[in-house]
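**Student:** dropping a prediction and its sequence here:
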Amino acid sequence: PTREADTDTLVVSTFSFATEQFMEVVAEPFEERTGIEVVLDTGNNATRLTKLRINKERPDTDVVLISDYYAAIGKEMGLFERIDPETVPNMAEIQPWAVDPEGYGPAYTFQLLGLMYRTDLVEEEPTSWGALWDPEHPGGFALPDISVSAGPLMVLATGETYGSGPTDADTGFERLAAIGPDALQFYSSSTEVSSLLERGEIAMAPSLDNFAMNAVEAGQPIGFALPEEGRLMTANTAQIVNGAPNRAGAEAFVDFLLDPQVQSEVAEVIYDKPVHPDAQVTDLMTRVSGEAAVNPTEAGYHQGDLDLIAGERSSWLDRFVEEVAR
Amino acid sequence: MRRAANLTGVELSRRGTLFALLVPGLAVLLFGFLYPVAATLAFPPDGDPATVARETGSLLTDPYLLPVIARTIRVAVVTTLICLVLGFPVAYLISRVPPRWSGKLLALAIFPLMLNTVVRTYGWLVVLGGNGLLSSLTEGLGLGPSRLLYTETAIVLGLVQLFLPLMILSCYSSLSQQDPRLEEAARGLGASPGRAFRQVVFPLALPGALVGCTLVFAGAVTAFTTPQLLGGARERILSTLLYSRVNVSLDWPAASAVALVMTVLVLVVSALSSRLSAKGSTQ
Amino acid sequence: MTPVVQLESVSRAFGRSRDAVAAVSDLDLAVPRGKFTTLLGPSGCGKTTTLRMIAGFVQPTSGRILLEGADATKTPPEKRNIGMVFQSYALFPHMTIIDNVAFGLRARGLAKTEVTARAGEALELVGLSALAGRKPGALSGGQQQRVALARAVAIRPSVLLLDEPLSNLDARLRVQMRAELRRVQRETGLTAILVTHDQDEALELSDHMVILNKGRLEQEGAPRDVFPRPASRFVADFLGYENFPVLPGHGPVAIRPEHVRLLSSGEPEDAGVTLEATVTNVTYQGSHCVVEVNANGLGDGTRLLCAHPGEAPRPGEAVRVLLPAAHLVTLGEDAEAAR
Amino acid sequence: MTPVVQLESVSRAFGRSRDAVAAVSDLDLAVPRGKFTTLLGPSGCGKTTTLRMIAGFVQPTSGRILLEGADATKTPPEKRNIGMVFQSYALFPHMTIIDNVAFGLRARGLAKTEVTARAGEALELVGLSALAGRKPGALSGGQQQRVALARAVAIRPSVLLLDEPLSNLDARLRVQMRAELRRVQRETGLTAILVTHDQDEALELSDHMVILNKGRLEQEGAPRDVFPRPASRFVADFLGYENFPVLPGHGPVAIRPEHVRLLSSGEPEDAGVTLEATVTNVTYQGSHCVVEVNANGLGDGTRLLCAHPGEAPRPGEAVRVLLPAAHLVTLGEDAEAAR
Amino acid sequence: MIRRPLLSLLTALAFLIMLGPVVILLGVAFTAGSTLTFPPEGLSLRWFAAALDYQPFISSLGTSLVVAALSTVLALALGVPATLALQRGLIPGRGVVENLFATPIIVPELVLGLALFQQLMVGLQITALATLVIGHTVLLLPYAVRVVGASLALSDPRLEEAARGLGAGPLRTFFQVTLPVMRPGIISAAILAFITSLNNVPLSLLLTGPGVSTLPVEMLNYVQSSYDPVVAAVSVLLLAASVAVALVTERLVGFNKVFGR
Ligand SMILES: Nc1ncnc2c1ncn2[C@@H]1O[C@H](COP(=O)(O)OP(=O)(O)OP(=O)(O)O)[C@@H](O)[C@H]1O
Ligand SMILES: Nc1ncnc2c1ncn2[C@@H]1O[C@H](COP(=O)(O)OP(=O)(O)OP(=O)(O)O)[C@@H](O)[C@H]1O
Ligand SMILES: NCCCCNCCCN
Ligand SMILES: [Mg+2]
Ligand SMILES: [Mg+2]
């Protein structure tokens, strides 16, 4: 059934991760403040994007929290609306990189690509992606599948490290192809890579810093290394759906999400690193990712060319499967 | 099961009755399946029949993708055969033990179905991994460590575990209707248990076994989580390819093409099984 | 000579021990080699169960079964070389008639040509060659029964078990099949055990007969001995002795209606007991009529049946009835009402 | 009075048109009300098919079936109030015996107490009250057959179809069941059609008998008419006439063994044909013996069978044989070899 | 026959493959540690508490049960009559119709899900719940038709004649004779169908809407980002529930009575 213009409820499409906590620290306080009832629709990036695409003519969703690269695809499909900075005052406060240059929804959190490793199996903390190309391969390693955020980032990071720069995907694929056959597995979820590490099947794997936080917090022998070169990150963005039934509510929600108080609580409870400079970065975050957790661009991290990733997604999938995952 | 039409119980020939029995099912099938699937396969988001045809053509000629199709067929066929070889005897046993045992055995065969696929698959990670139980076993036997994880064998094992109960139940539904005197008659005529099994028990339960095979084959071709987790990106099969096209590249016309190929594959096997079933028909 | 089949105090119960039903109790039986043995008894007395134990389809609850003198209680059916015709036929519904008949031959690994020849022959025997290519579902009841027979005979078993193999055939065909069975049995010297409820069949076919009652052996012997000399009222009753008068000086006796004679006045009396009687009923029976009389002398209401081939008397007529001494069977003291 | 059931040139073929098998051809039949009609004929002649058409389970390929004078060719079985005992019993395997018997009563929506009463009564009738709670799988063949009978009788159908309902019962029980059937039929005035291959049964039970051959009607009439006067060699043969001599001056005749008499020397000759003969074989048959003779006068090898109640002659002996005129059946010119 | 070595061997192997992971699952679910680990690091019930406390599981379980029950009943209600017509009727082009009923299993569920979402949910604006039920019903139809058909094919058609002859109309005959005789097949089909629905992910993935999701989808979502044993605990709970149902059935009617006859 079509949802007509509706100022009483707000449908937020979000990650299915930690939805309870999300309700508690974001949705419910927002409801209290605005009187708008928040309804969550959860799923992974692709599924939700597919639904938005099919639903394009009669959208029933207002806000979409989605990874930057899927956001780029969505923008291209015309699924999102530009945001008037006036309606989301917090956009003026956040770290500059988090504001979309084209005026679409801002990033509200980010994740850093690095090397998750077993501190008991890898003697010295790796300082470069080169650890993966080390012929010794102490303890074995896994690579991210192209289907998870870390996959395309890894192509760019490799290109940046060994090639002409962060857009040199050809070099990225070439170099990854060289170690593809030695990789134990191309993991497709954080659970999978955590499990491989924990069971000692591998000693290291490129991954996002969030994946390491649980293990580090639990005191497991897991470390997260940030290579000196090839520093790529991915952001989660908050987009307003084109034709959203509750546009005003959506704007209020995005602003609320960027509020330093809310960002601090989200950081504490969900481990999402804040983009608002006034928000509190947790100890765990700095233990895992150091200063980059506080200000990623200062530490040399960048998102890569999102339009390149989005535009080449089909050919990258094929190349990855044909050249790397052998 | 093509029964000589004139032997049917009370001849069910009145048009109205047949109509009333068939039409509701067909209507739901049309509305809930044929129409939407045909419409979406032909007109996927961002595509039209021409793009789908083009994608299908390139899929069938891509030298990289042909091995994927071959692997899919191999995995599904091997899985089906293993399920049959393991599942039929279990169903047979259940249908022949005293009733107070059969119920319990059947329950035991059904319980694994209640396990979530992901959790089930996780069990295999524990068993098949490089530091897993199987590896410890082979190492203990002096055979050195073994790792089956992320191989075709792992996919097959996982799928067998997933679909074995399906095969058992299908076979059981046929076997439980069989007159045990027939097997006795065969034994009395000098057939060994094996021969009686092959020539009387099995052919008579063929309808159920074939249904089981069709269900397992279809399941093995379309299953996604198990091959993804146990095979990984390296051992790609059509279903994981389809998943990537929907979920990674969001390339719906290309996904339609994969779906078409999968559909034709299962259709062929299903038709084959119907044909066999008709041929080996009772009475 | 050791009996081909021997049962040593064999019992079989069905159901769990608490509410078990004894189908066969403590049965001792020796089946003579190369002979036709018939098993008779009322419905539910354990005939089928006995055959199934001999064939090895059910295990005795207790007791032993010997084949060729060796304990075969646990031998699987296919190692016994025993052919069985099932009461319910048990034809393989997915095979044609000829394949049904050939099944046992193929199981024995015979050469193709021999299989074809012998299966064809067996089908010929039961007169069904024309239907060789049909499946059992397309056959009439009697035709199915004959296929079951052909299938069992084809393997030339050393023991052939026949569970009412002719019950669904018409009289003419039955007589013919009986003769064929007899011929096959004589020619091949096989041992056959037949369950039947047809006394003509039992008489004509059997060298030895065994009468069961409620799972127990009641009497056995050659038909020539058993028929004229039933050992108990149960057996007499079962074998068609319909008259059980208690004669003064004789005690309880049994006599068949065919042996009771109506004496035309003036006819000389044979040795036996003569009674004055009144005709109470006459039933026409094709080749003869059955005259029911009331023997006036013997306690009140003693009814006698007499199969009379000649001109029928009229009800109410007074007649003289002769019970010939040669046909009077004296029943022992243990004689009590059957069933 | 209109017949209860009437078949008007009914045919039924099985299989596809090209290789169709005619099970019943062009059959006209009128079943008299309140009577017992028996259907006889060799195995596979179409008896079961005829019953199934009357019950409405199969449709005639052509022709009409009238019930109570009205065309019922297309009436569904449950609207016909016809009870049927199946040759294969067709007991419901998932129901207890009593539920099997009660099924038809419940289908009629009878009150619970009445269902219980009538089902119990029917089970009593067949002597199986003790097994009411068992399932068919735990019954012997004969017991199953009796349940099938009880189930059909319980609904008090207006027409009762019986497809060899007593074939698996022993002689004694069969006689008893027959009497019960007769009683039930008389008391309730129902119309019954019985398929049997037992001539005693046909004789004792039927008011009207119908003989089929290869799907066609061969002869019908009261047993008293049909038995002594078969209209064709086929019928005579089927009814147990075993002697078909061609007598000089008489042409082809038929006579039953029971009617052939061996004359003791000096015995006066009754009206009939006397032949000189040599005994070739003697078989013992319980109440009598069967003497096979070669009638020397009639062309070479004319074999005659004679059921002889007295002292048996020895093979090789010369005897005189009487074929009484009263029992000689002259066969028409159409008489040809049966089957 | 239980003495046959090959048969015993195959059976043992089959049960080993089917039940082995259950043992591992139990170990994982009762672990005191905080990750999916086998063998467990100590014993505790904390993950069960966590599972029962996780709202998305609880609410999606309700949806899943409703969808599974409704679609199983619907699939049987539509499929069994169709089976009957197919097995007992004189249908021209029977093979085609029969195969038609099997087609839903031949199309990848992911595609069926996409199709239903695009055509029914978006195109015809049918609610997520209704679309889920329609989709699952369609998906389960082949089980109903095929599995039940295989058992009906072997039953004796004379039984139906007998019932009709005793005065039972087609409906009564169907419910009192045909249906009970088919019972093993129907129950097999029902269990297969119910569990297939209850575990289905690919079809349901897209057919969720605001506030409507199924348990397996939630579990998959959960397991993709959280590496703790909650999902194992949920599985053990489901397993325990089914064991309880089986035990109660066994107590009340006897499990074999449900299947056997
Ligand atoms: N489904 C069928 N297909 C082909 N032929 C059939 C079929 N059913 C019956 N017949 C044939 O029709 C003929 C008549 O069969 P029917 O069952 O009526 O015989 P019947 O007189 O009852 O024989 P019986 O005394 O042996 O039971 C038989 O020759 C039989 O082989
Ligand atoms: N599975 C069973 N469970 C319980 N009782 C049984 C079972 N099978 C047979 N019986 C009983 O055992 C007895 C003997 O059965 P059996 O089949 O041997 O009889 P039968 O002599 O062949 O009878 P019929 O002449 O009627 O075929 C019967 O009373 C029967 O009810
Ligand atoms: N792509 C990685 C998922 C990151 C999880 N973000 C949590 C957002 C909660 N709404
Ligand atoms: Mg018996
Ligand atoms: Mg018949």
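**Tutor:** That came in fine, so what should we check first? Ligands and ions are numbered 1, 2, ... in the order given.
**Student:** for the rest of this, base every contact and every neighbour count on C-alpha atoms.
**Tutor:** Fine.
**Student:** and the next helix or strand past the host helix or strand of residue B:100?
**Tutor:** Assessed by DSSP states H and E, residue B:100 sits inside helix B:99-110. Next helix or strand after helix B:99-110 toward the C-terminus (DSSP H and E): helix B:117-128.
**Student:** mind listing what's buried along that following helix?
**Tutor:** Within helix B:117-128, the residues that qualify as buried are B:117-128, counting by 16 or more other C-alpha atoms under 10 Å in any protein chain shown.
**Student:** could I get the contacting residues of the residue in the stretch 101-250 of chain C that ligand 2 sits nearest to?
**Tutor:** Residue nearest to ligand 2 within the stretch 101-250 of chain C (C-alpha to the nearest ligand atom): residue C:215, separated by 7.1 Å. Taking C-alpha atoms under 8 Å, 6 or more residues apart in numbering or on different chains as the contact definition, residue C:215 lies against C:22-25, C:27, C:45-47.
**Student:** which among the residues you listed gets closest to ligand 5?
**Tutor:** When the contacts of residue C:215 are compared for distance to ligand 5, the smallest value, 24.4 Å, is given by residue C:47; criterion: C-alpha to the ion.
**Student:** and the strands in the stretch 151-300 of chain A?
**Tutor:** Secondary structure of the stretch 151-300 of chain A, counting by DSSP state E, counting those that start in this stretch: strands at A:186-187, A:204-208, A:222-225, A:233-241, A:273-274.
**Student:** pLDDT on the third one, on average?
**Tutor:** Spelled out, that is strand A:222-225. The average pLDDT within strand A:222-225 is 95.
**Student:** ok, and what's touching it?
**Tutor:** Here strand A:222-225 makes contact (C-alpha under 8 Å, 6+ apart) with A:114-119, A:125-127, A:209, A:212, A:215-216, A:288-289.
**Student:** swap in the fourth one?
**Tutor:** With C-alpha under 8 Å, 6+ apart as the test, strand A:233-241 has contacts from A:59, A:61-69, A:71, A:79-83, A:104-113, A:149, A:153, A:247, A:250-251, A:254, A:301-304.
**Student:** selecting buried members of the residues you listed in ChimeraX, what would you type?
**Tutor:** Only the buried members of the contacts of strand A:233-241 end up in this ChimeraX selection, burial being decided by 16+ other C-alpha under 10 Å:
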select /A:59,61,62,63,64,65,66,67,68,69,71,79,80,81,83,104,105,106,107,108,109,110,111,112,113,149,153,247,250,251,254,301,302,303,304
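**Student:** returning to what we had before: which of the contacts of strand A:222-225 count as buried?
**Tutor:** The neighbour-count criterion (16+ other C-alpha under 10 Å) marks A:114-119, A:125-126, A:209, A:212, A:215-216, A:288-289 among those as buried.
**Student:** quick one on the thing from earlier: among the contacts of residue C:215, which are in reach of chain E?
**Tutor:** Here nothing survives when the contacts of residue C:215 are matched to chain E using C-alpha under 8 Å from any C-alpha of the partner chain.
**Student:** circling back to that earlier point, restricted to helices, list the contacts of strand A:233-241.
**Tutor:** With DSSP state H as the criterion, helices contain A:68-69, A:71, A:153, A:247, A:250-251, A:254 from among the contacts of strand A:233-241.
**Student:** make a markdown table from these and add distance to residue B:42 and pLDDT to it.
**Tutor:** As requested, the ones in helices among the contacts of strand A:233-241 are arranged in a markdown table below (distance: C-alpha to C-alpha, whole Å; pLDDT from 0 to 100):
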| residue | distance to residue B:42 | pLDDT |
| --- | --- | --- |
| A:68 | 31 | 95 |
| A:69 | 28 | 92 |
| A:71 | 27 | 95 |
| A:153 | 34 | 95 |
| A:247 | 35 | 94 |
| A:250 | 36 | 96 |
| A:251 | 38 | 96 |
| A:254 | 38 | 97 |
